[in-house]
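S.K.: sequence and computational prediction follow.
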Amino acid sequence: MKVLVPVKRVVDANVRVRVKADGSAVDIANVKLSMNPFDEISVEEAVRLKEAGVASEVVVVSCGVQACQETLRTAMATGADRGILVETDVELQPLAVAKLLKALVDKEQPQLVMLGKQAIDDDANQVGQMLAALLGWPQATFASKVSVEAGKAIVTREIDGGLETIEVDLPAVVTTDLRLNTPRYATLPNIMKAKKKPLDVVAPAALGVDIAPRLSTLNLAEPAKRAAGMRVADAADLVAKLKNVARVI
Ligand code: AMP
């Protein structure tokens, strides 16, 4: 069974993002970019399926600028077999990514596509669902446990107030949640080995996909700064301030 794992290059989770002065976009100049954390979890899960003898090949794919090759190499250093970069300088929106992935699925014929539940830059939480719809495949989103047996995936999903376990026929789309696993670190020998693994580069036009943006961002703004707090002498003072100053009771 082949598993396709889409990985997005995003602003590193530890970086405090800044909005450009004109409010048009997040400023990514001189900012550390890394693999989307949920995609690290997907790669880890796919590699574990391979180690368990369930998957035969793990193919990672990234859509974006040339530097996404680094993200693919990182995924290959933690166990993916090969990578595909759909290279473009155009800013990709979730529908465009889903269409590119659909074209690659048609070509690669994986039995399972394992995506992150959301990219931490746009927080869209859309690509997996859109891809499943375009393919007409079942989807299991927000997975916190995945097992594959007899042509089916059994997926435990994190839902409000608990867990839900569902069974989907393969081929299927699964999106991964935080508690599914803890991704491994790439070792130096594996980083070196990953440099030799195959990495194909294709253009969106070669996949026959129109990636023109459909949405335009009108404005981005940072959250309002928190006002300074104030000290209260005792409970009575607190109640008085809540009533007369904050006017919340
Ligand atoms: P989103 O719907 O944008 O929050 O992204 C959900 C998931 O789709 C991510 O965790 C990735 O697995 C995948 N994805 C989104 N954008 C890209 C991209 N440019 N290249 C590869 N995979 C992507």
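M.R.: Sure, I can see it. The structure displayed is predicted, hence computed values, not measured ones. Numbers count the residues shown, from 1 in each chain.

S.K.: gap between the closest residue to the ligand within the chain and residue 172?
M.R.: Among the residues of the chain, residue 116 lies nearest to the ligand; the distance is 2.4 Å by CB to the nearest ligand atom. All C-beta atoms are positioned from the backbone trio N, CA, C, and that covers glycine. For residue 116, the distance to residue 172 equals 16 Å [CB to CB, to the nearest Å].

S.K.: equivalent analysis for residue 152, please.
M.R.: For residue 152, the distance to residue 172 - CB to CB - is 8 Å.

S.K.: out of the two, which sits in the more crowded spot?
M.R.: residue 172 (21 against 14; other CB atoms under 10 Å).

S.K.: report the beta-bridge partners for the more buried one.
M.R.: In this entry, residue 172 is beta-bridged to residue 112, by DSSP bridges.

S.K.: what count of nearby residues applies to residue 54?
M.R.: For residue 54, using other CB under 10 Å, the count is 17.

S.K.: make residue 1 into 337 and carry on from there
M.R.: From this message on, residue numbering opens at 337, which makes the last subject residue 390.

S.K.: so who does it touch?
M.R.: Going by CB atoms under 8 Å, 6 or more residues apart in numbering, residue 390 touches 337, 484.

S.K.: pretty sure it is in a helix, no?
M.R.: No: Residue 390: not assigned to a helix; according to DSSP: H, G, I helix; E, B strand; the rest coil it is coil.

S.K.: can you pull the contacts of the residue of the chain closest to the ligand?
M.R.: Counting by CB under 8 Å, 6+ apart, residue 452 has contacts 342, 344, 372, 373, 374, 375, 377, 378, 464, 511, 512.

S.K.: run a quick neighbour tally on the first one.
M.R.: The burial metric for residue 342, expressed as a neighbour count using other CB under 10 Å, is 27.

S.K.: model confidence score at it, please.
M.R.: Looking at residue 342, its pLDDT is 98.

S.K.: ditto for the one 3 residues further on
M.R.: The confidence metric pLDDT takes the value 97 at residue 345.

S.K.: next, count neighbours for it.
M.R.: By other CB under 10 Å, neighbour count at residue 345 equals 23.

S.K.: which ones are touching it?
M.R.: Per CB under 8 Å, 6+ apart, neighbours of residue 345: 369, 370, 371, 372, 398, 400, 401, 403, 404, 406, 407.

S.K.: no further questions, thank you.
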